[in-house]
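Chemist: The sequence and its predicted three-dimensional model are supplied below.
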Amino acid sequence: MDDSQLLAAMRTGDKSVASVFHDRVRPQVDRTLLRLFRRYDVDHEDLRQLALIELVMTIGKFRGECSLDSWVGAITARIVFKHLRRRQAERRLFGALEREDAAPASGAGSDPLVRNLMQHATRHLHSMEPNRAWAFFLHDVLGYELRELAQIMGISVSAAQSRLVRGRRELHGRFAGDPELADLLERMGP
Amino acid sequence: MNSPRYARLIAEVFKRGEPRSRDTLPRSNRDEEIALIEDAMETLRRRTGRLRMAAACSVAAAVALATFGAWRSAHRAPITVVALEKAPAPKAIPAAAEPVAIAIASGGGAIVAAPGSSAPAVAGLTLRAGSRLIVDPSAGATLSLSTGTHLEVEPGSQLAVVEDSRAQIFALNAGSLRADVAKLAKDERFIVRTSDAEVEVRGTSFLVDVVPSDPECGSGTTTRVTVFEGVVAVRASGREESVARGERWPRGCRSSSPAAPAAHAALRRPSKDEPRASAGTMHTASSGAAAPHATIAAAATPAAPENQSAETLAPHASLPARASSTLAEENNLFADGMMARRSGNVPLAIERMERFLARYPASHLAENAAAERMRLLRALDPNRAAAAARHYLQRYPGGFARAEAEAMVAGRR
């Protein structure tokens, strides 16, 4: 059964495809949660179930403008965003960044100096206005497109762009205000 | 404005860190999740059914109305007679549709200027949206609103009525205004705009003053807030602060304008016996006119409405104060130690790491330094190495070098 047949069956309410739908979308839901939290989060199971329900409830709105995986990823990210926001814990994602960096990792993360720089940068993300920090993190770090960003945050594309621009500007200002940090970033940046 | 170069650079640095895909997900109950999906499908089916039913009912009602309309137009005269005979008494327009009446209670030498006309402010004269009250410098004026709110406009003030509906909005262009605001209904708002702030009452009591700018106080803001009851969220320059009962904003400033004590004394909550139950008392003073740049919302809880996020204030959002860090020193000292280790000078490397730990115990590099010290000591002095390992475990029980440290402690035993 290909994606279009699966979606058509789901839209008609055919419960016999529930298991196929589960097996098709669940890996992508898990991948998105791991991508966002960068590790197995304590709320992973709850968020996965919320995402599965949301996927079923909004399947009628999926028009096929993107791949099923992209859509599943965006819906899952939106669930995470709403969940953290409801609990006023938006900054947990940035905490995940910091935790990852504190652990031994391969590549750039294994250089303690780079790690130190990243931890300082994470601290700035923590203290930024959460919506702007989220826009920056989702778009510039995780690579979500503006359209997906808007979908995740439940706002228009132009509002998402505005948050992103302001987030970048604020982060830049914070680095510019700390000459030593800026210098280190200049030296270590690409 | 510089392009946000540092934001781009730090995004690249973040991107280099790879997500930890080593985390294995615990096995979940597949059957349970499939049942969940089936339940969601059933809920969706029922919801869709209800929506279809509602749509069908709407269509049927529309058809019935259209049929009735057509029939009525064909039999207009008899219906009109019957309707006139049996028509109930006309209902009063719901309060929500009525504009709030704003009447002059006492005018002194004030003038009411409406678009295209002006008249002395005599008692009983009504002000509508667009009217402006210009108060004589030698006498004040009092306004009574049909909602029970009373406004005392100080001598020499200029007050404009912006809206007189469920949202009662006034613009204080100059002078002072004391407001005893009656309890607001759920959809009612009472707002006073000044030259650089907007003050909204939502069931608390506070004082707002507009005073000359003081560079040593609150970055030069001209607004002062004193809270008497509840909690007030003050948003200015992209920041939000909660000001609780008995506190003032900005913090650490000298007392506000000379008018404040008098206004403070005038502030009181009417007793329960008084006819109007005042939900908030507000005193506002203003001079000059400028573009608003701050919003002050008062509420029983400090939570700010989402649609008034910091972004609405973004043009004035300030960057954090320029702060230098010890980052370079930390990095240099740590790098010195690492260089000594690479060049084989273990005692010097240990000395550097110990100095680092003594000087920057809270640094992000402290864990690395503690781990390095432990490793360096292993070859030189096993006893000290074990002590260092114990110290590491005590300080970082879940640290990345935990296994090594535990092995060192166990090895000594």
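Modeler: Looks like it arrived, so ask away. Residues are numbered from 1 along each chain as shown, chains lettered A, B, ... in the order given.
Chemist: count of residues packed around the closest residue to B:T326 other than its chain neighbours?
Modeler: Take B:T326 and drop its neighbours on the chain: the residue closest to it by C-beta to C-beta, 6 or more residues apart in numbering or on different chains is B:Y360, 6.8 Å away. To be clear about C-beta, it is placed using only N, CA and C from the backbone, and glycine gets the same treatment. The number of residues packed near B:Y360 is 18, by other C-beta atoms under 10 Å in any protein chain shown.
Chemist: For B:Y360, which residues are in contact?
Modeler: Contact analysis of B:Y360 by C-beta atoms under 8 Å, 6 or more residues apart in numbering or on different chains lists B:326, B:330, B:333, B:366.
Chemist: one more time with 10 Å
Modeler: By C-beta atoms under 10 Å, 6 or more residues apart in numbering or on different chains, B:Y360 lies in contact with B:326-327, B:329-330, B:333-334, B:366, B:369.
Chemist: Now flag whichever of these is closest to chain A.
Modeler: Here the nearest of the contacts of B:Y360 to chain A, counting by C-beta to the nearest C-beta, is B:L327; it sits at 4.9 Å.
Chemist: Look at the most centrally placed residue in chain A and tell me its secondary structure.
Modeler: In chain A, the centroid-proximal residue (C-alpha atoms, centre = their mean) is A:L36; its distance is 4.4 Å. At A:L36 the chain is in helix, as set by DSSP: H, G, I helix; E, B strand; the rest coil.
Chemist: which residue packs closest to it, ignoring adjacent ones?
Modeler: Closest to A:L36 by C-beta to C-beta, 6+ apart is A:V80, at 5.4 Å.
Chemist: wait, what's in contact with the one you found?
Modeler: A:32-33, A:36-37, A:41, A:43, A:47, A:50-51, A:92-93, A:152.
Chemist: State the distance from it to chain B.
Modeler: 14 Å (C-beta to the nearest C-beta, to the nearest Å).
Chemist: Kindly export whichever strand or helix holds that residue (C-alpha atoms) in CSV.
Modeler: Per DSSP states H and E: A:V80 is located in helix A:68-86. Listed next in CSV are the C-alpha coordinates belonging to helix A:68-86 (Å, rounded to 0.1, in the frame of the first residue of the first chain):
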residue,chain,number,x,y,z
LEU,A,68,4.2,12.4,4.1
ASP,A,69,7.4,12.3,6.2
SER,A,70,7.8,16.1,6.1
TRP,A,71,4.2,16.6,7.1
VAL,A,72,4.5,14.1,10.0
GLY,A,73,7.7,15.8,11.1
ALA,A,74,6.1,19.2,11.1
ILE,A,75,3.0,18.0,13.0
THR,A,76,5.2,16.3,15.6
ALA,A,77,7.3,19.4,16.0
ARG,A,78,4.1,21.4,16.5
ILE,A,79,3.0,19.0,19.2
VAL,A,80,6.3,19.4,21.0
PHE,A,81,6.1,23.2,20.7
LYS,A,82,2.6,23.3,22.1
HIS,A,83,3.4,20.8,24.8
LEU,A,84,6.5,22.7,26.0
ARG,A,85,4.8,26.1,25.7
ARG,A,86,1.8,24.9,27.7
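Chemist: Tell me the buried residues in it?
Modeler: Under the neighbour-count criterion of 16 or more other C-beta atoms under 10 Å in any protein chain shown, helix A:68-86 has A:68, A:71-81, A:83-85 buried.
Chemist: if you average pLDDT over it, what comes out?
Modeler: Averaged across helix A:68-86, the pLDDT comes to 87.
Chemist: Buried residues in stretch A:174-184, which are they?
Modeler: Neighbour counts over stretch A:174-184 (16+ other C-beta under 10 Å) mark A:174-178, A:180-182, A:184 as buried.
Chemist: Just the closest of those residues to B:R189, please.
Modeler: A:R174 (35.9 Å; C-beta to C-beta).
Chemist: so the closest one touches A:L185, yeah?
Modeler: No: between A:R174 and A:L185 no contact is recorded; they are 11.1 Å apart, counting by C-beta atoms under 10 Å.
Chemist: Find residues that contact each of the two.
Modeler: Jointly contacting A:R174 and A:L185 under the rule C-beta under 10 Å, 6+ apart are A:120-121, B:6, B:10.
Chemist: and residue 158, how many neighbours?
Modeler: No chain in the question, so chain A it is. 10.
Chemist: look at chain B instead
Modeler: Neighbours of B:Q158 using other C-beta under 10 Å come to 19.
Chemist: Tell me if I'm right that it and B:L133 touch.
Modeler: Yes: using C-beta under 10 Å, B:Q158 makes contact with B:L133 at a distance of 7.1 Å.
Chemist: Spell out which residues are contacts of both of these two.
Modeler: Common contacts of B:Q158 and B:L133 (C-beta under 10 Å, 6+ apart): B:110, B:113.
Chemist: tell me which residues in stretch B:392-409 are buried?
Modeler: B:392-393, B:396, B:399, B:401, B:404-405, B:408-409.
Chemist: now, which of those residues sits nearest A:V17?
Modeler: Using C-beta to C-beta, these come closest to A:V17 at B:G399, 47.5 Å.
Chemist: wait, doesn't that closest one sit right on B:E367?
Modeler: Yes: judged on C-beta under 10 Å, B:G399 makes contact with B:E367 at a distance of 5.6 Å.
Chemist: Chain B: helices as residue ranges?
Modeler: B:5-16, B:30-74, B:76-86, B:259-266, B:327-342, B:346-359, B:366-380, B:382-395, B:402-412 (DSSP state H).
Chemist: Which elements pack onto the longest one?
Modeler: Helices and strands in packing contact with helix B:30-74 are listed as helix A:3-11, helix A:18-37, helix A:44-57, helix B:76-86; criterion 3 or more C-beta pairs under 10 Å, 6 or more residues apart in numbering or on different chains; DSSP states H and E.
Chemist: so B:D196 touches B:T221, yeah?
Modeler: Yes: B:D196 is in contact with B:T221 according to C-beta under 10 Å; the separation is 8.0 Å.
Chemist: Distance from the chain centre to the helix holding A:V80, please.
Modeler: 8 Å (C-alpha atoms, centre = their mean, to the nearest Å).
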